[in-house]
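1. Coordinates for the following, if possible.
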Amino acid sequence: MKSFRHRLLVTIMAWISLLLACILLIVIQLFPMYAEAEDKTEVWIILALIFIGALLFSALIGHRIIKVQALPIENVTQTALELVKGNYRARAFEYGNVGAVQLSSTINILARNLQEITAVREMEQERLKTLIENMGSALIMIDRQGGVALVNRSFLGEFHLIEEQVQEKFYKEVPLPEVFERFIEQVFMTEQAARDQLEFKQGIHTKNIDVYGAPVLGDHEQWLGIVIVSHDITELKRLEQVRKDFVANVSHELRTPVTSIKGFSETLIDGAYTDEATLLSFLEIIHTESNRLEMLINDLLDLSKVEQAGFRVNALPTDMEKVIKRAEEMVSKRIEEKKIKLDLQLEPVILQGDPDRLLQVMMNLLVNAITYSSSETTITVRLYTKGKSALIEVEDQGIGIEASEIGRLFERFYRVDRARSRNSGGTGLGLSIVKHLIEAHHGKVDVESTVGVGTKFTVQLPLGS
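-> The predicted model follows:
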């Protein structure tokens with residue numbers, strides 16, 4: 001642009017030189033007429049006026065030339081430089097000669113197109129970023145040099161990381177589980193898609209993830225790096241294990257009484273019925289095992305019913321004090337057999353609940369307390385209100401529960417002391433039924449326990465309107 005102005009300046013100076021030459025010619029022509037004049041002031045005035053007129057004319061011509069030719073080109077050039085810098089909002093003034101106007105108009109059309117393309121690209125990038133950040137699966141992208149190019153929020157949360165630990169880091173510098181690093185290496189080295197299920201320790205917990213990795217290819221099949229997507233399947237694995245345990249436990253619990261009934265009945269058929277004492281003993285065993293089998297089947301049916309989606313309790317105004325005293329009557333025989341003292345500390349409480357289901361809850365909690373309590377100990381039952389809730393506490397002086405086992409206490413067939421609970425006739429489903437029934441009443445149940453001291457179950461139920 002400066003060279004263009006220089007050329008214009010040279011042109012203008014040429015004009016001035018030409019005009020000055022003309023002035024000199026005029027002076028040369030006029031000078032002899034006044035050469036003999038004594039006062040030459042008039043001559044100098046004429047020469048000055050001609051010179052000033054020539055300068056003004058040259059300035060006018062130069063200004064016009066620069067305005068028409070140079071300024072539009074300079075403006076277009078500045079606009080083009082702004083576009084190069086990425087400022088697609090810049091626009092050129094559409095004025096000057098026909099050629100300059102066409103050039104400015106073309107530059108403006110180009111700027112508008114670039115602005116629209118940039119806006120669309122930014123919108124697509126924002127959508128992609130939002131999608132990646134809010135997807136449920138964890139994602140990490142590693143470039144061809146092994147550096148972490150991108151991670152999403154789910155990845156940071158899944159591996160308990162912060163951005164500073166992964167930004168601009170080589171993937172081996174990121175504190176990731178060893179099995180996950182090996183999977184990354186496999187995909188990185190082979191440049192082939194792979195899928196696996198990984199298991200690793202995270203603190204005191206075991207975590208399972210389903211992980212998929214694939215190479216990232218650009219234009220012309222150019223390898224840009226790899227992308228790894230992982231999904232937490234810990235809960236699915238746990239539910240799968242619970243299902244397997246449930247099937248195994250049901251099979252075992254059913255086989256034990258069935259085997260006893262079959263064995264003793266076959267013995268009687270083979271001739272043992274002739275001995276009256278043996279007959280009565282065997283029949284008593286068959287009767288006991290039949291009751292145990294019936295109890296297991298009933299509990300399974302109850303559990304299946306309360307676990308169904310849409311299960312509702314028949315909520316009525318219920319006197320919880322009467323429900324607990326009724327449960328006491330039903331377990332009184334077991335209490336007397338173990339010489340256990342039952343201490344009832346009950347306040348009058350009326351709540352919205354299903355009396356039959358709440359009786360089932362109290363029965364299971366009391367039976368569980370009796371089962372794990374030693375003889376001549378005390379079981380305390382408290383009933384009181386706190387805010388808008390009714391609280392029921394069942395506290396025993398039994399064997400207690402390890403802290404690591406409390407989380408599994410409400411699983412089906414889970415027993416703290418398997419031998420003792422099985423010998424007492426328990427099915428291992430009582431607490432699981434309690435949990436589902438309390439949740440159906442929109443309440444919750446908590447456990448506090450100390451090994452060798454005892455256990456306290458606390459049930460919280462809403463009082464209702």
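
2. need the helices for the stretch 351-465 of the chain, in chain order.
-> Counting by DSSP state H, counting those that start in this stretch, the stretch 351-465 of the chain has these helices, from start to end: 355-371, 403-406, 418-423, 430-440.

3. Now distance to residue 269 and mean pLDDT too, for these, in CSV please.
-> Where C-beta positions appear, they are placed from N, C-alpha and C, glycine not excepted. Conversion of those to CSV gives the following (distance: least, Cβ to Cβ, whole Å; pLDDT from 0 to 100):
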stretch, distance to residue 269, mean pLDDT
helix 355-371, 35, 87
helix 403-406, 44, 74
helix 418-423, 28, 46
helix 430-440, 35, 83
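
4. Of those, which is nearest residue 240?
-> helix 430-440 (17.5 Å; Cβ to Cβ).

5. buried sites along that closest one?
-> If you call a residue buried by 16 or more other Cβ atoms under 10 Å, then helix 430-440 has these buried ones: 430, 431, 432, 433, 434, 435, 436, 437, 438, 440.

6. Compute the number of surrounding residues for the nearest residue to residue 374 once chain neighbours are set aside.
-> Leaving out its chain neighbours, the residue that sits closest to residue 374 by Cβ to Cβ, 6 or more residues apart in numbering is residue 398, at 6.9 Å. Residues lying near residue 398 (other Cβ atoms under 10 Å) number 24.

7. Could you verify my assumption that residue 398 touches residue 375?
-> No - if you go by Cβ atoms under 8 Å, residue 398 and residue 375 don't touch, sitting 11.1 Å apart.

8. partners of the strand of greatest length in the chain in the sheet?
-> When the chain is parsed with DSSP state E, its longest strand is strand 205-217. Applying DSSP bridges to the sheet, strand 205-217 is found paired with strand 194-202 (antiparallel), strand 223-232 (antiparallel).

9. So which of these is nearest residue 337?
-> That would be strand 194-202 among the strands paired with strand 205-217, by Cβ to Cβ, at 45.6 Å.

10. In PDB, could you pull the C-alpha coordinates for that closest one?
-> C-alpha atoms of strand 194-202 as PDB (Å, rounded to 0.1, in the frame of the first residue of the first chain):
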ATOM      1  CA  ALA A 194     -10.800 -53.500  21.200                       C
ATOM      2  CA  ARG A 195     -13.300 -54.100  23.900                       C
ATOM      3  CA  ASP A 196     -12.900 -55.600  27.400                       C
ATOM      4  CA  GLN A 197     -14.300 -55.600  30.900                       C
ATOM      5  CA  LEU A 198     -11.800 -54.500  33.500                       C
ATOM      6  CA  GLU A 199     -11.800 -54.900  37.300                       C
ATOM      7  CA  PHE A 200      -9.600 -52.900  39.700                       C
ATOM      8  CA  LYS A 201      -9.500 -51.700  43.200                       C
ATOM      9  CA  GLN A 202     -10.500 -48.100  44.000                       C
END
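
11. next one: it to chain centre, how far?
-> Relative to the centre of its chain, strand 194-202 is centred 18 Å away, using Cα atoms, centre = their mean, to the nearest Å.

12. Name the residues that touch it?
-> 160, 177-180, 183, 186-187, 206-214, 230, 233 (Cβ atoms under 8 Å, 6 or more residues apart in numbering).

13. List the residues that contact residue 183.
-> 194, 196, 198, 211, 213, 228.

14. Just the buried residues of those residues.
-> Using 16+ other Cβ under 10 Å as the threshold, 196, 198, 211, 213, 228 are the buried ones among the contacts of residue 183.

15. Would you reformat the helices of the stretch 351-465 of the chain as JSON lines and include distance to residue 450?
-> Output for the helices of the stretch 351-465 of the chain, formatted as JSON lines (distance: least, Cβ to Cβ, whole Å):
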{"stretch": "helix 355-371", "distance to residue 450": "15"}
{"stretch": "helix 403-406", "distance to residue 450": "9"}
{"stretch": "helix 418-423", "distance to residue 450": "18"}
{"stretch": "helix 430-440", "distance to residue 450": "18"}
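
16. right, so of those, which gets closest to residue 323?
-> helix 355-371 (5.1 Å).

17. can you give me how far the closest one is from the chain middle?
-> The chain centre lies 39 Å from the centre of helix 355-371; the measure is Cα atoms, centre = their mean.

18. Please work out the angle formed by the directions of it and helix 430-440.
-> 150 degrees (axes from the mean of the first three to the mean of the last three Cα atoms, to 10 degrees).

19. contacts for helix 355-371?
-> 302, 313-314, 316, 318, 320, 323-324, 326-328, 330-331, 334-335, 338, 340, 342, 379, 381, 392, 394-396, 398, 420-421, 424, 426, 430-431, 433-434, 437-438, 440-441, 455, 457, 459.

20. Tell me how many other residues crowd residue 163.
-> Look at residue 163: counted by other Cβ under 10 Å, it has 9 neighbours.

21. Buried residues in the longest strand of the chain, which are they?
-> Those would be 207, 208, 209, 210, 211, 212, 213, 215, for strand 205-217 by 16+ other Cβ under 10 Å.

22. Return the member of the residues you listed nearest to residue 83.
-> The closest of the buried residues of strand 205-217, once distances to residue 83 are taken by Cβ to Cβ, is residue 215, at 35.9 Å.
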